[in-house]
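> Prediction below, plus the sequence it came from.
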Amino acid sequence: MTECIFCKIGSGEIPAKKIYEDQNTIAFLDIFPSAKGHSLVIPKKHYSTLLDIPEMELKELIQIVQKVGAGIMKATQADGFNILQNNKEAAGQIVPHLHFHIIPRFKDDCLKLSFGSKQGEEKELAHWESQIKKHI
Ligand code: 5GP
Ligand code: ZN
C-alpha cells in the first residue's frame, strides 16, 4: 500500500477539495494556500518529478493545468497566475509526487516569488550555454 499522500488523494482514499477530475488527472485546493484558489494539479499515477513522467502523459497533464488555470482565473477574478513546479528537496519539493501549483495573483498582493536580481557575467553565462546544450 502506498504511503504517498497525493496517491491517496488521487485514489480518493483521503479527502481533498477537488476542483477537477478525469481518468488520469486530479486538481484540488492546496491545504496551505499562498492565495485564494491556490491549487495543485497531479497525475493520478505516481511519478516523483517532472523528469519521471512519460512525454505523452505530460502533454495531457499540462493541458489540464491550462484548463484549470483558466477556471481559477475566472472564479477568483485574479489578475494573473503563477505556475510553480518543484523538483526534489533542494528545490523545495515537500511532497515527492509530481504536481503543478497554480497560484492566482492579484495586483499589489505582495506575494514574494523572486528570481535573481543581479545580471549574470558574460563568461559564466556563455559557459552554461555551451554545457547545458550538450545534454539536451
Ligand atoms: P511542494 O513544496 O512539494 O511543491 O508543495 C506541496 C504542496 O502540497 C504544499 O503547498 C502543501 O501545502 C500541499 N499539501 C501537502 N499535503 C497536503 C494535503 O494533504 N492536502 C492538500 N490539499 N494539500 C497538501
Ligand atoms: Zn504518489
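Looks like it came in fine. Ligands and ions are numbered 1, 2, ... in the order given.
> Get me the contact residues on this structure for ligand 1.
Residues of the chain lying close to ligand 1 by Cβ under 6 Å from any ligand atom are 5, 16, 28-32, 40, 86, 92-95. Where C-beta positions appear, they are placed from N, C-alpha and C, glycine not excepted.
> Give me the distance between stretch 78-88 and the centre of its chain.
6 Å (Cα atoms, centre = their mean, to the nearest Å).
> likewise stretch 32-41?
11 Å.
> contacting residues for the residue nearest the centre of the chain?
Closest residue to the average C-alpha location of the chain: Phe100 at 1.6 Å, with Cα atoms, centre = their mean. The contact partners of Phe100, taken as Cβ atoms under 8 Å, 6 or more residues apart in numbering, are 40-42, 61-62, 65, 83-85.
> Now that we have the residues of the chain next to ligand 1, which of them are buried?
Buried members of these, counted by 16 or more other Cβ atoms under 10 Å: 5, 16, 28, 30, 40, 86, 93.
> Out of those, name the ones that lie in helices.
Among those, the members found in helices (DSSP state H) are Ile5.
> Among the buried ones among the residues of the chain next to ligand 1, which lie within strands?
Among those, the members found in strands (DSSP state E) are 28, 40.
> Of the buried ones among the residues of the chain next to ligand 1, just say which sits nearest to Tyr47.
For those, the residue nearest Tyr47 by Cβ to Cβ is Gln93; the value is 12.1 Å.
> so what's the closest residue to the closest one other than its chain neighbours scoring on pLDDT?
Closest residue to Gln93 apart from its sequence neighbours, by Cβ to Cβ, 6 or more residues apart in numbering: Asn86 at 4.0 Å. pLDDT for Asn86: 97.
> before we move on, back to that, of the contacts of Phe100, just say which sits nearest to Asp109.
The closest of the contacts of Phe100 to Asp109 turns out to be Leu84 (Cβ to Cβ; 14.8 Å).
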